[in-house]
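Student: mind looking at a prediction? Sequence and model below.
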Amino acid sequence: MGWKPSEIPTERRRNCMSQLAILGGPKAISSPSPNLFRWSEVTSEHEDAVLDVLRRGAMSGTDVTRQFEREYAAWQGQTYAVGFNTGTAALHTAMWAVGVRAGDEVLCQSITYWASILPVYSLGATPVFIDIEHTSLCIDPDLLEARIGPRTRAIVVTHNMGYPTDMDRVMAVAQRHGLKVIEDVSHAHGGFFKGRRLGTIGDVAAFSCMSGKSFPIGEGGMLTTDDAQIHDRAIAFAHYERFDETIEEPDLAPYRGLPMGGTKYRMHQMSSAVGRVQLRNYDQRMDGIQRAMNEFWDLLEGVPGMHAHRVSPTSGSTMGGWYNPKGLFAPEELGGLSVTRFCQAVKAEGIDCRPGLVYKPLHLHPLFHTADIYGHGKPTRLAFASRDVRERRGDLPVAENIGKHVYGIPWFRSYDREAIARYADAFRKVVANHGELLAGDTGDAPSLADWQNEPLI
């Protein structure tokens, strides 16, 4: 469906064609709608659950956490769930649980939160970065095999901004080469890939539940799997007080009583209490978010320069949590307008719109090139490596340039058609008048795609 301004109601069309606010015109959004963005909701149920933990003096126990684990596993449709104090801790443990050890390599996309891959350093393993797809912002499965070596052990995939990674293609590569797959579902709680819940397709999944995520419990993480060995290893690695319980893997039995990872990653009981309440109506809340976000993009379908970062409604896949949602920007459709200038104009209309991604290419950061964290006398990335896998600038072109082609959009937490239409019209207004922005366009800053650190190799 093409963009047809004539189909917009007269008053809204007039607003779209009025002078841009950045040039002195009226704001499109003069009075924000805070209820559209309120998250997370705190109810009396949340309060009662937390107060129960406090009053029982059970803040450092595991009874509430174990209940939460059972309920989370049932919701995921998986056999096991283990609670953690952060998503980072869950990812760290997942890596060890699938067998990542010193000298091994782990493949991961360069555009992701650092916790998706950085914990491998503490295991003596080596990160190997893969470029992303321009449309999904997820790992490009077609590039995996070229980076696989004799010591490759696992693949970490992040469902970036809630967009499901193409798991069929990832799993096909993993199965051909005998690799384990770790799903980082921190952005995509409750999402689906072709009818299968995200986190259930790989060997193990890790979730972040910090307060900014779509499944917020204050701070916390979760690990889920159907593999008994991975579950037992997760307990052995970071849950010493549960390691004395039945562990089926004989190789672990002699080490009961102490955490094999030298860590204590137990989830806080108050976070678990909040999580149990969140589970009760999370799917219902997500239905509202799905409806609102898809409504926004439906209203903007065909608008030049703006392309939706979402899955097809007929694919059997869903966007999960729509965490930190983005749009894909096509400057060539707007006379070469930079995404920075575009966002400045949208922000002047009353919408917090920021250029680029939250994440910058990890493969360009000095921590993955020169840092000797543990005093090995060489870069930590090479400490136990059998080959030098460090990427050079230009090796991952999509990741290095994607910042100039992405912008932030409102993250609607509830559905209000009229209010959502006003926000969509603000973007339409900027596009309709984009020619007036070209003269003052100074282009995109290098910081959109690069780290402000020392030059790299």
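Tutor: That came in fine, so what should we check first? Numbers count the residues shown, from 1 in each chain.
Student: tell me, what's the model's pLDDT at the nearest residue to residue 36 once chain neighbours are set aside?
Tutor: Residue nearest to residue 36 in three dimensions, not counting chain neighbours: residue 412, with 5.3 Å by CB to CB, 6 or more residues apart in numbering. All C-beta atoms are positioned from the backbone trio N, CA, C, and that covers glycine. Predicted confidence (pLDDT) for residue 412: 95.
Student: how many residues are close by residue 412?
Tutor: Residues within reach of residue 412, counting by other CB atoms under 10 Å, total 25.
Student: distance of it from residue 37?
Tutor: Residue 412 sits 7 Å away from residue 37, taking CB to CB, to the nearest Å as the criterion.
Student: quick one: the helices in the chain?
Tutor: For the chain, the helices defined by DSSP state H occupy 10-17, 44-56, 63-76, 87-97, 167-177, 228-238, 269-299, 339-348, 397-401, 417-432.
Student: please work out which of the ones you listed is packed deepest.
Tutor: Ranked by mean neighbour count, those are led by helix 87-97 with a mean of 27 (mean count of other CB atoms under 10 Å).
Student: who's in contact with that helix?
Tutor: The list of residues contacting helix 87-97 from outside it, by CB atoms under 8 Å, 6 or more residues apart in numbering, reads 82, 84, 106, 115-116, 119-120, 122-123, 125, 154, 156, 182, 184, 186, 204-210, 220-223, 225, 229-231, 233-234, 237-238, 260-261, 263, 265.
Student: ok, now which ones touch residue 340?
Tutor: Residues near residue 340 by CB under 8 Å, 6+ apart: 355, 441-445, 448.
Student: list buried residues within those.
Tutor: Neighbour-count burial (16 or more other CB atoms under 10 Å) applied to the contacts of residue 340 gives 355, 441, 444, 448.
Student: among the residues you listed, which two are most distant?
Tutor: Greatest spatial distance among the buried ones among the contacts of residue 340 (CB to CB): 441 and 448, at 14.0 Å.
Student: of all the helices of the chain, which one is nearest residue 131?
Tutor: helix 397-401 (5.0 Å).
Student: what does that closest one contact?
Tutor: By CB under 8 Å, 6+ apart, helix 397-401 touches 109-111, 129, 131-134, 140, 361, 363-364, 393-394, 449-450.
Student: I'd say residue 21 and residue 344 touch.
Tutor: No. With contact defined as CB atoms under 8 Å, residue 21 does not reach residue 344; the gap is 10.3 Å.
Student: find the nearest non-adjacent residue to residue 159, please.
Tutor: In space, residue 159 is closest to residue 188, 3.9 Å off (CB to CB, 6+ apart).
Student: kindly report the same for residue 415.
Tutor: Once flanking residues are discounted, residue 415 sits nearest to residue 292: 4.4 Å by CB to CB, 6+ apart.
Student: what about that neighbour, distance to residue 21?
Tutor: Taken as CB to CB, the span from residue 292 to residue 21 is 24 Å.
Student: ok, and the closest non-adjacent residue to residue 22?
Tutor: Residue 22 sits nearest to residue 348 (CB to CB, 6+ apart), 3.8 Å away.
Student: against residue 170, how distant is that neighbour?
Tutor: 41 Å.
Student: residue 264 now?
Tutor: 32 Å.
Student: repeat for residue 187
Tutor: 16 Å.
Student: how about residue 260?
Tutor: On the measure of CB to CB, residue 260 and residue 170 end up 28 Å apart.
Student: what's the answer for residue 25, then?
Tutor: 47 Å.
Student: residues touching the closest residue to residue 185 other than its chain neighbours, list them.
Tutor: Spatial nearest neighbour of residue 185, excluding adjacent residues (CB to CB, 6+ apart): residue 199 at 4.4 Å. By CB under 8 Å, 6+ apart, the residues touching residue 199 are 76, 78, 183, 185, 205, 207, 224.
Student: domains in the protein, by residue range?
Tutor: 5-40+282-358+401-448, 44-277 (automatic domain parsing).
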